[in-house]
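A.B. asks: pasting a predicted model and its sequence here:
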Amino acid sequence: MIDSTDSGRKPANARTAGGEPPLEEARLRQQAIGVKLRHLFDEVVNEPVPDEFLEILRRADQRASDENKA
Amino acid sequence: MSVSGRSTAPKPPSADDEGFKRELVQLIPHLRAFARTLTGDPTAADDLAQDAMMKAWDARASYQMGTNMKAWTFMILRNQFYSEKRRSWRSSQLDQEAAERTLVAVDDPEAPVALDELRQALNTLPEEQREALILVGAGGFAYDEAAAICQCAVGTVKSRVSRARKALAATLERGGYGRDGRPAGDAMRSILADADRLSGARQG
């Protein structure tokens, strides 16, 4: 694939003379990173919980109530 | 058997256990997600989350119902992670292999590009910055709650989160982890595009 710009190494985004991205753009970027970060986390949160977890807890609960009865 | 007086008198353990268990079960998905970000490996993460869940269960007598159980269990999970890690540092060779495995696993060609790149960029952050950013930026914790979980000052969390945000943006713009043949800036562009898609219609 051919890069149409004269230098592929140059940062593709526009920058101010100072070398910093404009404020508004920086804010948008942080917002985008925030959205992706939550998405990354929520992806796992939304996975079904493996049965193993509930099974372990059920066994522990069983032990606890057996001890209470004893 | 009388089941009156929740806060006073000898507690009826079974009734309290029931409520505790209900809350704990609801937190499992969140514990799994936090563990995944700490370990970077799904299997190790579930082992860690299960250990933390059992530690929380065993310590249920010391938990005060009605306080922030999510923060409490996250702190247990985090402590568990670091104490296991300290132990495994003795076999640092294994640690190194695990790190390489994680990177390979993350390099799944089927994974959506932007998420993949965010994951890799997250891996370049110092651990304490990564966890602070995850807790505040994804876990929904306030700064003071994150500080309680990490057992550090609120100001420390704030500065870690701020440094993490800056470093992430810089890494993504640079594309500094070298995906083959991709010009710099692509990572940030795909993040921006993907975030747009995720958050749906833009406000006009």
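C.D. replies: Thanks, I have it.
A.B. asks: so which helix or strand of the chain has the lowest pLDDT on average?
C.D. replies: Since you didn't name a chain, this refers to chain A. helix A:51-69 (a mean of 86; mean pLDDT, DSSP states H and E).
A.B. asks: meant chain B actually
C.D. replies: helix B:92-106 (a mean of 51).
A.B. asks: against B:Ile76, how distant is B:Asp58?
C.D. replies: According to Cβ to Cβ, to the nearest Å, B:Asp58 stands 10 Å off from B:Ile76. Yep, even glycine has a C-beta here, placed from its N, CA and C like the rest.
A.B. asks: neighbour count: those two, which is higher?
C.D. replies: Higher neighbour count among B:Asp58 and B:Ile76: B:Ile76, with 21 against 12, using other Cβ atoms under 10 Å in any protein chain shown.
A.B. asks: surely that one and B:Lys55 touch.
C.D. replies: Yes - with contact defined as Cβ atoms under 8 Å, B:Ile76 and B:Lys55 form a contacting pair (5.1 Å).
A.B. asks: what's the neighbour count on residue 39?
C.D. replies: The chain I'm using is chain A. Neighbours of A:His39 (other Cβ under 10 Å): 18.
A.B. asks: ah, no, chain B please
C.D. replies: 20.
A.B. asks: might one say that B:Ala45 is in contact with B:Ala35?
C.D. replies: Yes - counting by Cβ under 8 Å, B:Ala45 does reach B:Ala35; the two are 3.9 Å apart.
A.B. asks: more crowded one of those two?
C.D. replies: Counted by other Cβ under 10 Å, B:Ala45 and B:Ala35 do not tie: B:Ala35 has more neighbours, with 27 against 22.
A.B. asks: return the set of buried residues in stretch A:49-57.
C.D. replies: The neighbour-count check on stretch A:49-57 (16 or more other Cβ atoms under 10 Å in any protein chain shown) flags A:53, A:57 as buried.
A.B. asks: is chain B within reach of that stretch?
C.D. replies: Yes - Stretch A:49-57 is in contact with chain B by Cβ under 8 Å from any Cβ of the partner chain, via A:49-50, A:52-54, A:56-57.
A.B. asks: contacts made by that stretch with the rest, please.
C.D. replies: B:21, B:24-25, B:28-29, B:32, B:46, B:49-50, B:53-54, B:57 (Cβ atoms under 8 Å, 6 or more residues apart in numbering or on different chains).
A.B. asks: those residues also near chain A: which ones?
C.D. replies: Applying Cβ under 8 Å from any Cβ to the contacts of stretch A:49-57, those adjacent to chain A are B:21, B:24-25, B:28-29, B:32, B:46, B:49-50, B:53-54, B:57.
A.B. asks: which one of these has the most neighbours?
C.D. replies: Within those, most neighbours by other Cβ under 10 Å means B:Ala49, with 30 neighbours.
A.B. asks: so what's B:Leu24 closest to, chain neighbours aside?
C.D. replies: Spatial nearest neighbour of B:Leu24, excluding adjacent residues (Cβ to Cβ, 6 or more residues apart in numbering or on different chains): B:Ala56 at 6.1 Å.
A.B. asks: that should have said B:Ala195, apologies.
C.D. replies: Using Cβ to Cβ, 6+ apart, the closest residue to B:Ala195 is A:Ala32 (3.6 Å).
A.B. asks: you'd agree that neighbour is up against B:Leu198?
C.D. replies: No - contact criterion Cβ under 8 Å: A:Ala32 and B:Leu198 do not qualify, at 9.1 Å.
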